[in-house]
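Chemist: How does the following fold in three dimensions:
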Amino acid sequence: MTDPISTSASTDSVFIAGILGAVQGATEFLPVSSSAHLIVVSWMMEGKPLPLSMNVALHVGTALAVLAYFWKDWLNLARDLLLRIFRGTRSFGADKLAPALVLGSLPAAVIGILWQDQIEAKLHHPLIVVVPLALVGVLLWWGDRRSPSTRKINDLTLRDAILIGLAQASALFPGVSRSGATILVGRILQFKREDAARFSFLLGAPVIVGAAILNAKHLAAHAGDPVFQVGVGVSAVTGCLAIGFLLTFLRRFGFAAFMIYRVALAIVIAVIAR
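Modeler: Just a heads-up that it's a prediction; the model follows:
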């Protein structure tokens, strides 16, 4: 049987790459679990995992999205770090945000480097994601409703970063959702919804970019492939739209819609994949 996602630039392959890019770009940043959606897509493809080149394309796209959307934040952070190094000027970026991003990224980086392959090999089945999908969805809704919104991102401490970083590491288990887990802990720590989401996205950048860098040789090998380019481009654009949508949405609404979606998706997967 022909691989449904080949590296040849057929119309079908380009179309499928676009669909996967849209799924990855949206679900990486919305609290609905990108891994769960991609596992379901893989299962629909008769259990075949996504080709490594496509996996790299999707991660490169989402890395570009988080770098592009928050480009001002990254420039400000770089400026603050340079001023701290050469002039000793203290700032939120240099003295709080940068250390928080480093410490918060360590748990996921360590677990990912040591056990990512085993996790993907042993937990790559739709039924695995059913419980995490539903459970984290309910917890996100419950935690948001019960937690006051008294803190902003400028109130961030290293303890907060470590706790949110541990939540990010838990998202290596399929179905949890990196953004869902980190926003949940951010809300429990009483950060405002938008601030919890903003730090979640910033914290995700080192992990997402790191995943892309680890597969740099595949990036170089397939960079000229139209299928690869479509996967990167669509996931990047969709990712930017998803980030903007969620930050705007959370200014007015909570997580009930995402809870309903996650629980409904879990039920559908449990019924059709058993």
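
Chemist: so residue 174, which of the three states?
Modeler: coil (DSSP: H, G, I helix; E, B strand; the rest coil).

Chemist: what packs against the least confident helix or strand in the chain by mean pLDDT?
Modeler: Least confident element among the helices and strands of the chain, by mean pLDDT, DSSP states H and E: helix 216-222 (a mean of 71). Applying 3 or more Cβ pairs under 8 Å, 6 or more residues apart in numbering; DSSP states H and E, we find helix 216-222 packed against helix 52-69. Placement of C-beta: from N, CA and C, glycine included.

Chemist: Quick one: distance of the helix it packs on to the chain centre.
Modeler: Put simply, helix 52-69 sits 10 Å off its chain's centre (Cα atoms, centre = their mean, to the nearest Å).

Chemist: Pull out the buried positions in the following helix or strand past that helix.
Modeler: Remark: after helix 52-69, the chain's next helix or strand is helix 71-87, criterion DSSP states H and E. Residues of helix 71-87 classed as buried by neighbour count (16 or more other Cβ atoms under 10 Å): 73-74, 77, 80-81, 84.

Chemist: How about stretch 263-274?
Modeler: Neighbour count says stretch 263-274 has 263, 265-266, 269-270, 273 buried, by 16+ other Cβ under 10 Å.

Chemist: From these, pick the one nearest residue 62.
Modeler: Residue 62 lies nearest to residue 265 out of these, by Cβ to Cβ, at 20.0 Å.

Chemist: Just to check, that closest one is in contact with residue 39?
Modeler: No - Residue 265 lies out of contact with residue 39 (Cβ atoms under 8 Å); the separation is 11.6 Å.

Chemist: Could you check how far the helix or strand hosting residue 161 is from the centre of its chain?
Modeler: Using DSSP H and E, residue 161 falls within helix 158-170. Offset of helix 158-170 from its chain centre (Cα atoms, centre = their mean): 14 Å.
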